[in-house]
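**Student:** Provide a 3D model corresponding to the input given below.
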Amino acid sequence: MHLVERLECPFCRKTKFKNLFKKNFSDIKLKNFIDEYYQSNLLNQIIKNNFYELCECNACHGIFQKYEPDDNFSNLLYDKIISSKNSLIKKNDFFKKNENKLKQDSLMISKLFSKRSDKIKILEFGCGWGFWSKFMKSKSFNITTCEFSDTRHQHLVKNKINNIQNLNEINDKFDLIYSEEVLEHVSSPLNILIKLKDLLNDNGFMFHRFPSSFLFKKKLNSKYNPTKDCAHPLEHLNIINKKCFLEMSRKADLEFCNLLKFKNQKISSKIKMLKNDLIFNNVLLKTRVY
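**Tutor:** Okay, here's the model as predicted:
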């Protein structure tokens, strides 16, 4: 159970990158953040004498944490150290406050496909506690989820959501694959995109949400203190920007779609979409057509 050095870019697999920021986990301000956020002596023992380091790929300009938790460490972090009870309460409160966003997602999905809701097959990858999928299921969409965590899997089964814990064990094809704040956590977002693309039906779509890294690089100076932002230590392993996502999409044989075609066409909605394009925190993809 330890941190593992990443030897290639998680977005394009190139091996040339430069250091942008580096601090030992024993640095007082970084340690104070870790202590306050996780409140775990065990965690402190695991990361002791290790470094929080951010690198930028020379090829795709994606930014990532150079050291990532191995599988055992990751399972401990998300299933034990982070309180499941607090996580569930937090997510429940979030979705209650963002019901309008769920409704907008439902409308967007309906516009993407010219068939009945119950005929639209959706896979939510990394669904967590399943609130998004539960809402979409209430709108009659055909829902399957993929969530690795044992604790969350048990919760999903209890709530009668069809969850498959291993992505490699999914044999079905889907019209839409959705993820929210997942790609920044995984070891290789490029590998995930490639695997998910193979699960798409013809004319299927993917929709991904992730924390914006807009202007983040400008923060990386001697005064920057790691915190709960797009480069959250130990968790947000990948700091996603448009350049690196374009490169990932190219390698996965996917292309960007114009969300304006499928969203509300009001002026206010168009302005919001243009703003989202600038800060880049979501993307709609489809299989590349040659």
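**Student:** State the next helix or strand along the chain beyond the helix or strand bottoming out on mean pLDDT in the chain.
**Tutor:** Sorting the helices and strands of the chain by mean pLDDT, DSSP states H and E puts helix 267-279 at the bottom, at a mean of 67. Remark: after helix 267-279, the chain's next helix or strand is strand 282-287, criterion DSSP states H and E.
**Student:** by contact count, what packs against that following strand?
**Tutor:** For strand 282-287, the elements it packs on are strand 200-209, strand 254-256, judged by 3 or more CB pairs under 8 Å, 6 or more residues apart in numbering; DSSP states H and E. No exception for glycine: its C-beta is placed from N, CA and C like everyone else's.
**Student:** swap the cut-off to 6 Å and go again
**Tutor:** strand 200-209 (3 or more CB pairs under 6 Å, 6 or more residues apart in numbering; DSSP states H and E).
**Student:** Let me see the ranges of the strands in the chain.
**Tutor:** Listed in chain order, the strands of the chain (DSSP state E) span 3-5, 17-24, 51-57, 63-65, 67-69, 121-125, 142-146, 174-180, 200-209, 238-239, 254-256, 282-287.
**Student:** Please work out which of those is packed deepest.
**Tutor:** Using mean count of other CB atoms under 10 Å, the stretch among the strands of the chain with the largest mean neighbour count is strand 238-239, at a mean of 28.
**Student:** what pLDDT, on average, does that strand get?
**Tutor:** Across strand 238-239, pLDDT averages out at 98.
**Student:** In JSON lines: the strands of the chain, plus distance to residue 223.
**Tutor:** What follows is these, written out as JSON lines (distance: least, CB to CB, whole Å):
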{"stretch": "strand 3-5", "distance to residue 223": "25"}
{"stretch": "strand 17-24", "distance to residue 223": "11"}
{"stretch": "strand 51-57", "distance to residue 223": "15"}
{"stretch": "strand 63-65", "distance to residue 223": "18"}
{"stretch": "strand 67-69", "distance to residue 223": "22"}
{"stretch": "strand 121-125", "distance to residue 223": "37"}
{"stretch": "strand 142-146", "distance to residue 223": "40"}
{"stretch": "strand 174-180", "distance to residue 223": "31"}
{"stretch": "strand 200-209", "distance to residue 223": "30"}
{"stretch": "strand 238-239", "distance to residue 223": "18"}
{"stretch": "strand 254-256", "distance to residue 223": "35"}
{"stretch": "strand 282-287", "distance to residue 223": "30"}
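**Student:** right, and those strands - which one's nearest residue 114?
**Tutor:** Closest of these to residue 114 is strand 200-209, at 10.2 Å (criterion: CB to CB).
**Student:** Can you name the residues in contact with that closest one?
**Tutor:** Outside of strand 200-209, the residues within contact range by CB atoms under 6 Å, 6 or more residues apart in numbering are 112, 173, 175-180, 183, 282-286.
**Student:** If we use 7 Å, what do you get?
**Tutor:** Counting contacts by CB atoms under 7 Å, 6 or more residues apart in numbering, the residues outside strand 200-209 that touch it are 112, 173-181, 183, 196, 257, 281-287.
**Student:** Compute the inter-axis angle for it and strand 174-180.
**Tutor:** 20 degrees (axes from the mean of the first three to the mean of the last three CA atoms, to 10 degrees).
**Student:** In the sheet, which strands lie alongside strand 200-209, parallel or antiparallel?
**Tutor:** Sheet pairing for strand 200-209, assigned by DSSP bridges, gives strand 174-180 (parallel), strand 282-287 (antiparallel).
**Student:** Could I get the CA-only coordinates of that strand as CSV?
**Tutor:** Extracted in CSV, the C-alpha atoms of strand 200-209 (Å, rounded to 0.1, in the frame of the first residue of the first chain):
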residue,chain,number,x,y,z
LEU,A,200,-21.1,2.4,-27.5
ASN,A,201,-23.8,1.5,-30.0
ASP,A,202,-23.6,2.9,-33.5
ASN,A,203,-24.5,6.6,-33.3
GLY,A,204,-24.0,6.4,-29.5
PHE,A,205,-22.7,9.3,-27.4
MET,A,206,-20.5,9.8,-24.3
PHE,A,207,-21.0,12.7,-21.9
HIS,A,208,-18.3,13.4,-19.3
ARG,A,209,-18.2,16.1,-16.5
